[in-house]
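[1] here you go, sequence then predicted model.
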Amino acid sequence: MIDAAAIRKDFPILEREVNGKPLVYLDSAATTQKPNQVIDAISEYYRTINANVHRGAYLLADEATTAYESARAKVARFVNAAAPSEVVFTRGTTGALNLVAYGWGLDRLEPGNRILLTKMEHHSNIVPWQLVAKRTGAELVYLDIDEAYNVDLSALDDLVDDRLAIVSVSGMSNVTGTIGPVRELVDAAHSVGAIAVVDGAQAVPHLPTDVQAMGADFVAFSSHKMLGPTGIGVLWGKRERLEEMEPLEGGGEMITDVGLYDSKWAPSPHKFEAGTPPIAEAVGFGAAVDYLSALGMEDVRRHEIEIASYALERLGDVPDLRIFGPTDVAKRGGAISFELADIHAHDLATILDEEQGVAVRAGHHCAKPLMRHFDVPATARASFYVYNVPSDVDALVAGLLKARDVFGLT
């Protein structure tokens, strides 16, 4: 098992105080904190080998290129890609999903085609498809959420036919923590020749991930949700799918030849990485992958089950608290959304911060359709990662009980 108390020593920000209290960081679904190993890797890159990649015929450029491509190889191994060339660096999950929507969908979707999503999706896995659907005449259809906060597959057979072109699903909800039915939806898509896309922003940082076993055509995820820096993410794609796609951006680096009226693209993944890439960020991303690999993703998952189990148990001690998400920890991640009586989520988050130094998210979590499904304007959300310990949960519960006192809920 992971020793979270020891791990915390690698994260300097966790030594901070907030409003006179030790920081209790419970917003890892939004972004994770960074260990010294990642911070140092980025700093060392800038101090010693900062140069542009792929084009310089001097030592620094060669070293920078090696560092950049080494990070790609590390990410490929982390998700068991067949080759590093299947890993496209993007600006994040949002950029990766937009790349699929426009680079693959815009050229292939036609009026009458269907794009199948679920109501638990993040806006990043809804809005790009809306934009492409409007431009192509394709139809958006959705799977509902059942009373146990899982994706309801009862209507799946009615939606899977020769009109289906794309299925795109979250591997893990950032609101309810629900683990998505990825394999079922991938198989359904492929049964009628559709492609399958996975929003792995929450799943890849928290679950052992094997993209080849998953079977999807594309998987998108972000560095900053798995201990790495912001500004970089990944679109993993099957080689044949990447070769079928047109680049979304044009410019330097992504070509083999440029004429006045036509150009030839570089092979994947470089044809999707126009301009100077996020080199330092890639180096930091590689260091984050090293850190998680050393912990072992099976143990990362075990720790999440353990801390989520403790949190769900302790939160049960808070009267008037409603939790949005599965109670079975085997079917969920560590993001726990809740509401406390009629206290607005933003007021609740403010009290937690001011009284206990507890940082939680408050709002619609970029999932407004899901909020409407629950008939709530917003929720508060506590989300956990490898550095969280039981005392963090205790501080959260103490803050919620304090909020009840403040609002006279006795």
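    Perfect, I can see it now.

[2] any buried residues in stretch 87-94, and which?
    Under the neighbour-count criterion of 16 or more other C-beta atoms under 10 Å, stretch 87-94 has 87-94 buried. The C-beta positions use only the backbone N, C-alpha and C, and glycine is treated the same way.

[3] what about it, distance to the chain center?
    Stretch 87-94 has its C-alpha centroid displaced from the chain centroid by 11 Å (C-alpha atoms, centre = their mean, to the nearest Å).

[4] number the chain from 342, please
    Sure, I'll start numbering at 342, so the last one becomes stretch 428-435.

[5] what lies in contact with it?
    Contacts to stretch 428-435, defined as C-beta atoms under 8 Å, 6 or more residues apart in numbering, come from residues 413, 416-417, 422, 437, 440, 465, 540-542, 561-565, 571-578, 583, 609-610, 613-614, 618-619, 623.

[6] same check on stretch 371-379?
    By C-beta under 8 Å, 6+ apart, the residues outside stretch 371-379 that reach it are 348, 351-355, 366, 546, 565-571, 625, 628-629, 631-632, 702, 724, 726, 728.

[7] the most centrally placed residue in the chain: what's it in contact with?
    Geometric centre of the chain, nearest residue: Ala542, 1.2 Å, by C-alpha atoms, centre = their mean. Neighbour list for Ala542: 434, 463, 465, 511, 515, 561-563, 566 [criterion: C-beta under 8 Å, 6+ apart].

[8] ok, Ile520 touching His547?
    No - with contact defined as C-beta atoms under 8 Å, Ile520 does not reach His547; the gap is 9.2 Å.

[9] ok, those two, which is more surrounded?
    Neighbours per residue (other C-beta atoms under 10 Å) separate Ile520 from His547, with His547 holding more: 29 against 22.

[10] can you pull the contacts of Ala346?
    Val730.

[11] so His575: helix, strand or coil?
    Quick fix: residue 575 reads Val, not His. The three-state label given to Val575 by DSSP: H, G, I helix; E, B strand; the rest coil is strand.

[12] who does it bridge with?
    Here Val575 shows beta-bridge partners Phe430, Phe562, assigned using DSSP bridges.

[13] surely it and Lys566 touch.
    No - counting by C-beta under 8 Å, Val575 does not reach Lys566; the two are 11.3 Å apart.

[14] tell me the helices in the stretch 392-541 of the chain, going along the chain?
    400-419, 434-441, 447-449, 468-477, 497-500, 523-532 (DSSP state H, counting those that start in this stretch).

[15] figure out which of these is closest to Val641.
    helix 400-419 (11.7 Å; C-beta to C-beta).

[16] what is the burial count for Ala423?
    12.

[17] excluding sequence neighbours, find me the nearest residue to it.
    Gln553 (6.3 Å; C-beta to C-beta, 6 or more residues apart in numbering).

[18] distance of the one you found relative to Glu427?
    Gln553 sits 10 Å away from Glu427, going by C-beta to C-beta, to the nearest Å.

[19] show me which of those two is the more surrounded one.
    The neighbour count for Gln553 versus Glu427, taken as other C-beta under 10 Å, is higher for Glu427 (25 against 13).

[20] Leu583 is in contact with the more buried one, correct?
    Yes - counting by C-beta under 8 Å, Glu427 does reach Leu583; the two are 6.8 Å apart.

[21] spell out which residues are contacts of both of those two.
    Residues within reach of Glu427 and of Leu583 at once, by C-beta under 8 Å, 6+ apart, are 609-610.

[22] what about Leu526, distance to Asn391?
    For Leu526, the distance to Asn391 - C-beta to C-beta - is 43 Å.

[23] and the helices in the stretch 592-741 of the chain?
    For the stretch 592-741 of the chain, applying DSSP H, counting those that start in this stretch gives helices covering 620-636, 638-656, 686-697, 709-715, 731-747.

[24] relative to Val575, how far out is Ala437?
    6 Å.

[25] find residues that contact each of the two.
    In contact with both Ala437 and Val575: 429, 431, 561-562, using C-beta under 8 Å, 6+ apart.

[26] okay, those residues in TSV with pLDDT next?
    Shown next, in TSV, are the shared contacts of Ala437 and Val575 (pLDDT from 0 to 100):
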residue	pLDDT
Val429	98
Thr431	98
Ala561	98
Phe562	98
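
[27] would you reformat those as TSV and include distance to Pro452?
    Listed next are the shared contacts of Ala437 and Val575 as TSV, based on distance: C-beta to C-beta, whole Å:
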residue	distance to Pro452
Val429	29
Thr431	29
Ala561	26
Phe562	32
